[in-house]
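**Student:** generate coordinates for the sequence data below:
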Amino acid sequence: MSRISFTGLVPDFISVNSGAYSIWLKALIEERGFGVSRLSYFFVDNKESKALNRSLLNHDYATDIITINHSRGKRLKVELYLGRKIIEENAQELGTPVEKEFARVLAHGLLHCMGWDDQTEVDRLAMRKEEEICLISRPVLEGK
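**Tutor:** Below you'll find the predicted structure:
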């Protein structure tokens, strides 16, 4: 069993390149002094994203990612729920390739589990800078 899994409404470009994405995510984690116990990425629709956001965080809207961290020390054991439609809409709004926006969100959830936060403007800028560092090594997909 892989320690990194992608399930649910997984975009085709991630599904067919899941090995490359797994290698990339594992490297991001190890470069920051952490290890992988288990990463479970669940791609969900807006209805499920909104329901999870409401039940877990008391927010009444769909979101791009919800991260549930079960990690112990420096070994990451994380459930990440990605709102597929929200990510696609954000990519369009930002004028960025959808593959890049998905990669940013994949990394964003992990950064939270490794100590980055985005509650203040200063923290948001630091996290965005770290996301950009992560994106430098993201999988390059054929034809993208």
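
**Student:** correct me if wrong: residue 13 contacts residue 99.
**Tutor:** Yes - between residue 13 and residue 99 there is a contact under Cβ atoms under 8 Å: 5.6 Å. Every C-beta, even on glycine, is put in place using the N, C-alpha and C of the backbone.

**Student:** for the helix or strand residue 40 falls within, buried residues please.
**Tutor:** If you go by DSSP states H and E, residue 40 is part of strand 35-44. The neighbour-count check on strand 35-44 (16 or more other Cβ atoms under 10 Å) flags 36, 38-44 as buried.

**Student:** same question for stretch 116-136.
**Tutor:** Within stretch 116-136, the residues scored as buried using 16+ other Cβ under 10 Å are 116, 118, 127, 130-131, 134-135.

**Student:** ok so, going back, widest-spaced pair of the buried residues of strand 35-44?
**Tutor:** Maximum pairwise distance in those, criterion Cβ to Cβ, is 21.9 Å, between 36 and 44.

**Student:** mind checking how far the most centrally placed residue in the chain is from residue 55?
**Tutor:** The residue lying closest to the centre of the chain (Cα atoms, centre = their mean) is residue 106, at 2.0 Å. Using Cβ to Cβ, to the nearest Å, one gets 23 Å for the distance from residue 106 to residue 55.

**Student:** residue 33 too?
**Tutor:** 32 Å.

**Student:** swap in residue 37?
**Tutor:** Taking Cβ to Cβ, one finds residue 37 at 25 Å from residue 55.

**Student:** helices or strands up against the strand holding residue 40?
**Tutor:** strand 4-8, helix 18-31, strand 75-83 (3 or more Cβ pairs under 8 Å, 6 or more residues apart in numbering; DSSP states H and E).

**Student:** now the last one: mean pLDDT?
**Tutor:** If you average the pLDDT over strand 75-83, you get 97.

**Student:** and for the shortest one?
**Tutor:** pLDDT averaged over strand 4-8 equals 97, rounded to a whole number.

**Student:** report the buried residues of it.
**Tutor:** Under the neighbour-count criterion of 16+ other Cβ under 10 Å, strand 4-8 has 4, 6 buried.
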